[in-house]
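A.B. asks: Need a 3D model of the sequence below.
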Amino acid sequence: MVSIRTKNINIHSLFYHIILTVKYRKPLITKYEDFIKEQITKSCESRNFIIERMEGDKDHIHILVSAKPRMSPAQIVKLIKQHTTYALWKEYENELEKEFWKKHLFWTQTYFIMSIGSVSKECIDRYIANQKRSRVPRIHPRT
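C.D. replies: Predicted structure coming up:
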């Protein structure tokens, strides 16, 4: 079932699956997960985005967000990253100084974003909900 949102004269159904990764792949999401989720929720609510689902893993977080067509997906990601980084450093400066050599870093510059037009919202919702349950150890080849 497609969720269609209406507001005044526009009708839209825009859902984005966003994945943000911690700088240097440090396993910090678990440590700060509740705080990060709270900050992402606050930043999205301030811009009238709707968080449909959010789940973290050790070094990255998945977010399924519904947004109005006024803001580009890149702007949504930028807003989330800026807000959470600022809040994390404000709250946990002493701890983060031990993790990062440069202040006000938390996320990598890169991110993944996909509109879910060709996949049902429920499918992405289940995938994100199962992130913690499906932790398969990664095997990294030595270089």
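
A.B. asks: May I see the buried residues of stretch 15-24?
C.D. replies: 15, 16, 17, 18, 19, 20, 21, 22, 23 (16 or more other CB atoms under 10 Å). Quick note: C-beta positions are derived from backbone N, CA and C, even for glycine.

A.B. asks: can you tell me which of these are in strands?
C.D. replies: 15, 16, 17, 18, 19, 20, 21, 22 (DSSP state E).

A.B. asks: among those residues, which two are most distant?
C.D. replies: Put simply, by CB to CB the two of these set farthest apart are 15 and 22, 23.9 Å from each other.

A.B. asks: mind listing the strands for the chain?
C.D. replies: With DSSP E, the ranges of strands along the chain come out as 5-7, 10-12, 15-22, 50-56, 60-66, 107-115.

A.B. asks: that older thread, just give me the closest of the ones in strands among the buried residues of stretch 15-24 to residue 97.
C.D. replies: The nearest one, if we look at those relative to residue 97 and count by CB to CB, is residue 22, at 15.4 Å.

A.B. asks: The closest one: what's it in contact with?
C.D. replies: By CB atoms under 8 Å, 6 or more residues apart in numbering, residue 22 lies in contact with 28, 29, 59, 60, 106, 107, 108.

A.B. asks: partner residues bridging it?
C.D. replies: Beta-bridge partners of residue 22, counted by DSSP bridges, are residue 107.

A.B. asks: So it versus residue 62, what's the distance?
C.D. replies: Noted for residue 22: a distance of 13 Å to residue 62, by CB to CB, to the nearest Å.

A.B. asks: that older thread, just the buried ones among the contacts of residue 22, please.
C.D. replies: In these, burial by neighbour count holds for 28, 29, 59, 60, 106, 107, counting by 16+ other CB under 10 Å.
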